[in-house]
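> turn this into a structure:
(one chain, ligands or ions: 1)
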Amino acid sequence: MNEVKLELPSGISYPVIIDNGALNRLPTLIPSGARRAAIVTQSKIGITVEPGIEHKVFEIEDGEKAKTLTTIGELCSAFASWGLTRSDVIVGVGGGVVTDVAGFAAATYHRGVSVIHVATTLLAQIDAAIGGKTGVNLPEGKNLIGSFWQPKGVICDLDALDTLPESELRSGMGELAKYHFLTGDLLIQMELKDRVSRAVEIKAEIVAQDEKEQGKRALLNYGHTLGHAIENIGNYEIKHGEAVAIGLIYAAELAHTLERIGHERVLEHRQVVESYGLSSSLPSSMSNEDLLFAMTRDKKAVEGFTFVLDGPKGLEVVKGIEEILIKETLEKVR
Ligand code: GLY
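Model (predicted):
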């Protein structure tokens, strides 16, 4: 078993347990005062959990389209009807959609109840379930409403990956490719358990330094400015990691346009993304205008277009990039 401890400056700390069969550890994470556990999941997940206390399953719909305030309202009503109290616990069992929704419901129900994440997809195990970001989408963009709400613990049961659909695995690969550029680690060459553990370690190290994204944590958004725009414009039919993969190539091309990196480094981005089995080209149906408009609504866009870009000092947040350069560079990922 691998266990990564996430330790935050606020004094909060919690374990991320990574193993085959790690699900059995769920009862050890249940807070001592909790009498009931609300299990938030989706019918397609098909994983039964035994928290060791009274529990009830609350299902949400599949896909990013379920990440809405309506879903949060319905869930919280159902919790209240069941009698869930603020000393009880919510357990999110699923991928990033479930952990974002369960986490945000936990952050807001009764002004905050404990949450535990059982991450069942590669993407949730290496990213979404770790670090306390929770939230839902608006028609205007992805994750535009949310909260930081740290879980009591995270379980990454590698057995869940055995039956993961190919498209979900590919989606996780996009985030793994991102970690490659954060650290230079050759995650693709590692055994699955080590790969997940290393990605969790990288994320834990960054979140430990910057829990609420005041600085370094923003680097975890590498590839996400265009990635989120692609997801939004494509009605969330393109998976997050696949969109991030295109976003990584675009960010490299933009860094090259701005003379921050050389051609070789752009090629390296293309090779890494391809080695993870991902496409590096925009869907032809997406217009530059729609993508530009979606990018203006990104949470990072406080002072004009903002991107995480590679450069001589590594990854950095770069603000106020000229629209014409952003538009022209989109042609390089077509
Ligand atoms: N997924 C980026 C973050 O958790 O900060």
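> can you list the residues of the stretch 151-300 of the chain near the ligand?
217, 220, 221 (CB under 6 Å from any ligand atom). Heads up, the C-betas are built off the backbone N, CA and C, glycines and all.
> can I get these in JSON lines with secondary structure, pLDDT and neighbour count?
Putting these into JSON lines (DSSP: H, G, I helix; E, B strand; the rest coil; pLDDT from 0 to 100; neighbours: other CB atoms under 10 Å) gives the following:
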{"residue": "217", "secondary structure": "helix", "pLDDT": "96", "neighbour count": "18"}
{"residue": "220", "secondary structure": "helix", "pLDDT": "97", "neighbour count": "24"}
{"residue": "221", "secondary structure": "helix", "pLDDT": "96", "neighbour count": "23"}
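> which residues does the residue nearest to residue 201 when sequence neighbours are not counted contact?
Excluding the flanking residues, the one nearest residue 201 by CB to CB, 6 or more residues apart in numbering is residue 4, at 5.4 Å. Counting by CB atoms under 8 Å, 6 or more residues apart in numbering, residue 4 touches 15, 16, 18, 197, 200, 201, 204.
> how near is the nearest residue to residue 84 once chain neighbours are set aside to residue 116?
Excluding the flanking residues, the one nearest residue 84 by CB to CB, 6+ apart is residue 38, at 5.3 Å. As judged by CB to CB, to the nearest Å, residue 38 and residue 116 stand 11 Å apart.
> same check, this time on residue 13
As judged by CB to CB, residue 13 and residue 116 stand 14 Å apart.
> who has more neighbours, the two?
residue 116 (28 against 12; other CB atoms under 10 Å).
> A strand includes that one, no?
Yes: counting by DSSP: H, G, I helix; E, B strand; the rest coil, residue 116 is part of a strand.
> tell me which element residue 73 falls in.
If you go by DSSP states H and E, residue 73 is part of helix 69-82.
> in terms of secondary structure, what does that helix contact?
The criterion is 3 or more CB pairs under 8 Å, 6 or more residues apart in numbering; DSSP states H and E, and the helices and strands that helix 69-82 contacts are strand 36-41, strand 54-59, helix 96-108, strand 133-138.
> can you get me the start-to-end distance on stretch 77-92?
The straight-line separation of the ends of stretch 77-92 (CA to CA, to the nearest Å) is 17 Å.
> list the contacts of that stretch.
Residues outside stretch 77-92 that contact it (CB under 8 Å, 6+ apart): 26, 30-31, 33-41, 49, 51, 55-56, 58, 98-99, 101-103, 105-106, 109-118, 129, 152.
> what subset of these is buried?
Neighbour counting with 16 or more other CB atoms under 10 Å marks 26, 30, 34, 36-41, 49, 51, 55, 58, 98-99, 101-103, 105-106, 109, 113-118, 129, 152 as buried within these.
> tally of neighbours for residue 76?
Residue 76, neighbours per other CB under 10 Å, totals 18.
> just give the nearest non-adjacent residue to it, would you?
Here the residue nearest residue 76, using CB to CB, 6+ apart, is residue 109, at 5.0 Å.
> with residue 168 instead?
In space, and not counting its chain neighbours, residue 168 is closest to residue 121: 5.1 Å by CB to CB, 6+ apart.
> how about residue 254?
Spatial nearest neighbour of residue 254, chain neighbours left out: residue 329 (4.8 Å); criterion: CB to CB, 6+ apart.
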